[in-house]
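Engineer: Turn this into a structure:
(one chain, ligands or ions: 1)
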Amino acid sequence: MADDFFIVQGLGGKRSLSGELPVRGSKNAALPAMASSLLFDGPLTLSNIPLIGDVEVMGEMLEELGAEVKRNSNGDLVIDAQPVRATSLPRELAKQMRASVILAGPLLARFGEIAFPHPGGCVIGARPIDLFLEGFQKMGAEYEEADSVYRLRAPKTGLRGADIFFRQPTVTGTETLLLAATRAHGKTLLRNAAMEPEVVFLAELLRASGAHIKGEGTPTIEIIGTEKLLRLPAQAGAPRKSIAVIPDRIETGSFLILGALAGKDISITHCEPEHIRILIELLRTAGVNVEAGKDSLLVRAPIKKGTAYKSFGIKTHEYPGFPTDLQAPATVFLTQAHGEALVHETIFDGRLAYTKDLVAMGADIALWDAHRASVKGPTPLRGRELHGPDLRAGLAYLIAAIVARGKSVIYNAQLIDRGYERIEERLKKIGVMIERVSN
Ligand code: EPZ
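Structural biologist: Below you'll find the predicted structure:
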């Protein structure tokens, strides 16, 4: 897997793909849900968990901590974190993935101490953890840092509820402190909290299992901590078997963009269109024919062959604004749309680097600074050799390669595998000419 790459034969601008693309469970909802197992009284069973690299790493991390993690034959993931005693995150694994820091919340709440290295992850700009540390301090924890390892200790009596205001909404920060607050003494208020669907899902999972939480999906979340461990409630007299992870909205949006650019008729199923409302609205203003159902989307090529779409500006924003994780795929769309548009990345400061590769493929993009680029279209794209800088840009390269004329080679397939399940097998089914080459 490590050095795999993809070879893609582009369609040269033809809109010929057709068929169904089922969306898998959300990576960024699955990871915190897995971390929540540390607060459970017995095994937690999660369904609709994607088979992706980051889920593997989170599973290995939980195992190294002492949990039992297994996949049932039906694909459900069962995590029993009761045997966990360790309070240090395994260094090598934690450095591979930013989301490892989520484990700090439940571990600190449960054991009163935790040590972890500065979390790694995608190269998309500075990714500090100051807001996590300040939140834990407000809950009474003390911390010290030496050699990039953070050691946190809760008061002897345990974490205390606190009034925490995030200077900047943070998705993982909100989730981590939400998990910690579930087992702290008294009331916690998380203000200016992230409102992303993944946060709402985590709050619903915890509440369904006995936690006292309200306000998720708004800027203020209130949590009343409880000593009791969590447990999935009985349903119709029988124990509830599992909880299903929400569909991946970034995968949904990326498939929609692919369908708009290269699809004759593509149906995207098992998704939650409301979670990508902003993208649907923008694509419609561009002239893309999108029909949204309750849990599916249909995208069809314009009736008049060769009709070009209109460009639109993008400004990334916290939910329900334009997701930063869809910024790169949307920029590929803009290279094929009529007009000039500004792409303004407001969340991260290293997330436009991929544009130079699109330029090498034939795109007309001017990079003004770390946050802004303008894209003039339409321009035909040519196949190339590409090295994705992060998983979302990696998928954007796949879309660009499918649209382009000629052959592209996309290296670092493992980056794409971190977030997308067997992408080549799924794309082949709708007519994409793609092969994985394993070294
Ligand atoms: C989550 O990252 C996602 N990851 C990211 O997806 C996504 O891009 C991001 O949210 C924004 O939507 C997961 O959910 C696992 P943040 P996260 O904390 O939580 C600043 C993907 O490809 N900040 O919401 O790490 C930060 O620098 C990934 O799936 C601080 O300043 O992002 C950024 O500017 C990539 N101090 C802003 O907040 C802190 O302590 C928002 O980041 C924490 C964050």
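Engineer: how about the helices of this structure, start to end?
Structural biologist: 27-36, 53-65, 91-96, 104-111, 130-138, 171-182, 197-208, 249-262, 277-286, 327-335, 355-360, 391-403, 413-417, 423-428 (DSSP state H).
Engineer: Need these in TSV (columns: mean pLDDT).
Structural biologist: Listed next are the helices of the chain as TSV, based on pLDDT from 0 to 100:
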stretch	mean pLDDT
helix 27-36	98
helix 53-65	96
helix 91-96	88
helix 104-111	96
helix 130-138	96
helix 171-182	98
helix 197-208	96
helix 249-262	98
helix 277-286	98
helix 327-335	98
helix 355-360	97
helix 391-403	97
helix 413-417	95
helix 423-428	98
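Engineer: Distance to residue 11 and mean neighbour count added to those, as TSV?
Structural biologist: From N, CA and C alone the C-beta is placed, and that goes for glycine too. Formatted as TSV, these follow (distance: least, Cβ to Cβ, whole Å; neighbours: other Cβ atoms under 10 Å):
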stretch	distance to residue 11	mean neighbour count
helix 27-36	27	27
helix 53-65	28	20
helix 91-96	34	18
helix 104-111	45	25
helix 130-138	44	19
helix 171-182	35	28
helix 197-208	32	22
helix 249-262	6	27
helix 277-286	19	18
helix 327-335	13	27
helix 355-360	17	18
helix 391-403	6	28
helix 413-417	19	22
helix 423-428	12	18
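Engineer: now the ones you listed in TSV, with distance to the ligand?
Structural biologist: As requested, the helices of the chain are arranged in TSV below (distance: least, Cβ to the nearest ligand atom, whole Å):
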stretch	distance to the ligand
helix 27-36	3
helix 53-65	8
helix 91-96	13
helix 104-111	12
helix 130-138	3
helix 171-182	3
helix 197-208	6
helix 249-262	7
helix 277-286	13
helix 327-335	9
helix 355-360	17
helix 391-403	5
helix 413-417	10
helix 423-428	14
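Engineer: Please produce TSV containing those helices, extended by distance to residue 434.
Structural biologist: Output for the helices of the chain, formatted as TSV (distance: least, Cβ to Cβ, whole Å):
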stretch	distance to residue 434
helix 27-36	21
helix 53-65	18
helix 91-96	26
helix 104-111	38
helix 130-138	39
helix 171-182	31
helix 197-208	28
helix 249-262	12
helix 277-286	23
helix 327-335	16
helix 355-360	18
helix 391-403	8
helix 413-417	11
helix 423-428	5
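Engineer: Nearest to residue 220, out of those helices?
Structural biologist: Residue 220 lies closest to helix 171-182 among the helices of the chain, at 11.0 Å (Cβ to Cβ).
Engineer: other SSEs contacting the closest one?
Structural biologist: helix 27-36, helix 104-111, helix 130-138, strand 187-191, helix 197-208, strand 220-224 (3 or more Cβ pairs under 8 Å, 6 or more residues apart in numbering; DSSP states H and E).
Engineer: Put together TSV for those, with distance to residue 241 on each row.
Structural biologist: Listed next are those as TSV, based on distance: least, Cβ to Cβ, whole Å:
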stretch	distance to residue 241
helix 27-36	15
helix 104-111	22
helix 130-138	33
strand 187-191	30
helix 197-208	13
strand 220-224	26
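Engineer: Residue 75: which of the ones you listed is closest?
Structural biologist: Closest among those, using Cβ to Cβ: helix 27-36, at 12.1 Å.
Engineer: Report all helices and strands that the closest one contacts.
Structural biologist: By 3+ Cβ pairs under 8 Å, 6+ apart, helix 27-36 packs against strand 44-47, helix 53-65, helix 104-111, helix 171-182, helix 197-208.
Engineer: For residue 154, which of the helices of the chain is the nearest?
Structural biologist: Closest among the helices of the chain, using Cβ to Cβ: helix 104-111, at 5.7 Å.
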